[in-house]
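> sequence first, then the predicted structure, then my questions.
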Amino acid sequence: MRKMACIFPGQGSQSAGMGKDLYENEPAAQSVFDDIDRVAGRSLTRLCFEGPDDELKRTVNTQPAILAVSLAAWQAYREQGGPEPDYVAGHSLGEFTALVAAGVLSLTAAVPLVLKRAQLMEECPAGAMSAVIGLSPEILQGLCTEASSASEIVVVANFNTREQLVVSGSPPAVERAGALARSSGGKVIPLPVGGAFHSPLMEAAARSFAQELSRFEFSPARMPVVQNYDALPATSAETIKGKLASQMPSSVRWCESVEFMLGQGVDTFVEIGPGKALAGMVKKIDRSARVYNVYDQESLKSTLAALGEVPVS
């Protein structure tokens, strides 16, 4: 039997207007948006639908807004009879949506956790990030080591595909790593962020977030959650919480996560939430994978129709 995974996007997938079609056409999605606004104590719904882009791009707003759209899309998918996945996974922030989908976190726990996470990440010391395309992880890791010093560090923060990577760290070290990457034949694209996400510069924020996590109850997962920290599945509440606490200063091992699921027989991936970034990554990792998206009513209907023709375990 074929196996399926539902995957959930992270920061960078936002755009003004996201989720509006689902809100207007799917009562289940509207209910989720209303609940999230109530828990958040502010209108994330309006921010999702209207922006403005400058506000939507701020980490403190981006993360809860993407969570809201992804959870609304997930609930619409479930209400319309979407099949239960064999695995769930999320890219960085998206792991919180995956935990709600797996029954590990409630909506009323996920929202304040993401609000706190976004605040801590926005308040982190200045850092920089750049996408690097066309170099292998092994080569780029070596260049990061060469570009780092005792006081300025740069690491590979995101392993999105074998040749789509992100470096993160102190601005001078990121700049040096970028120059080395270009001289090695890579394409370097500075990212519009002010923090060194998923690098050791996030250690202090991670300690604060671990304290926040301790205040919330986690439940065992209904299906395995493949986590960013080590690209391995977990169902134990204690294990999931421990790895989530370590996620912020650690690399996002997305490519390895997808490869793990492929190795377990998953050949169908449904990206649920704004954008199509993860679907594109999956296709670059394995061209033969079946990939679908759920981000508005039309994509929801077309995905459910396609899944109805694809037997899943």
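Alright, I've got the coordinates. Computed from a predicted model, the values in this text were never measured in an experiment.
> show me where this structure has helices.
20-25, 27-40, 44-50, 53-56, 59-79, 94-101, 107-122, 137-147, 171-183, 203-213, 237-245, 254-263, 277-285, 297-308 (DSSP state H).
> can I get these in a markdown table including mean neighbour count and mean pLDDT?
Where C-beta positions appear, they are placed from N, C-alpha and C, glycine not excepted. Compiled in a markdown table, the helices of the chain are given as follows (neighbours: other Cβ atoms under 10 Å; pLDDT from 0 to 100):
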| stretch | mean neighbour count | mean pLDDT |
| --- | --- | --- |
| helix 20-25 | 18 | 97 |
| helix 27-40 | 19 | 97 |
| helix 44-50 | 20 | 96 |
| helix 53-56 | 12 | 91 |
| helix 59-79 | 25 | 97 |
| helix 94-101 | 28 | 98 |
| helix 107-122 | 20 | 96 |
| helix 137-147 | 18 | 98 |
| helix 171-183 | 19 | 98 |
| helix 203-213 | 16 | 95 |
| helix 237-245 | 18 | 97 |
| helix 254-263 | 21 | 98 |
| helix 277-285 | 19 | 97 |
| helix 297-308 | 16 | 95 |
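> how about these in CSV, adding distance to Val225?
As requested, the helices of the chain are exported to CSV (distance: least, Cβ to Cβ, whole Å):
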stretch, distance to Val225
helix 20-25, 24
helix 27-40, 20
helix 44-50, 24
helix 53-56, 27
helix 59-79, 14
helix 94-101, 6
helix 107-122, 13
helix 137-147, 23
helix 171-183, 31
helix 203-213, 15
helix 237-245, 6
helix 254-263, 10
helix 277-285, 15
helix 297-308, 21
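> which of the ones you listed sits closest to Val226?
Closest to Val226 of these, according to Cβ to Cβ: helix 254-263, at 4.7 Å.
> which residues does the closest one contact?
Outside helix 254-263, the residues within contact range by Cβ atoms under 8 Å, 6 or more residues apart in numbering are 3, 5, 87, 89, 91, 158-162, 226-228, 231-233, 269, 278, 281-282, 285-286, 289.
> what about Ala126, how many neighbours?
10 (other Cβ atoms under 10 Å).
> on that earlier part again, closest one to Ala128 among the helices of the chain?
Nearest of the helices of the chain (Cβ to Cβ): helix 171-183, 4.1 Å.
> helices and strands around that closest one, which ones?
On a contact count with 3 or more Cβ pairs under 8 Å, 6 or more residues apart in numbering; DSSP states H and E, helix 171-183 meets strand 128-133, helix 137-147, strand 154-159, strand 164-169, strand 187-190.
> and the third one, what's buried?
Applying a neighbour-count criterion of 16 or more other Cβ atoms under 10 Å, one finds Val154, Val155, Val156, Ala157, Asn158, Phe159 buried in strand 154-159.
> over to the first one?
Under the neighbour-count criterion of 16+ other Cβ under 10 Å, strand 128-133 has Ala128, Met129, Ser130, Ala131, Val132 buried.
> sweet, I'm off.
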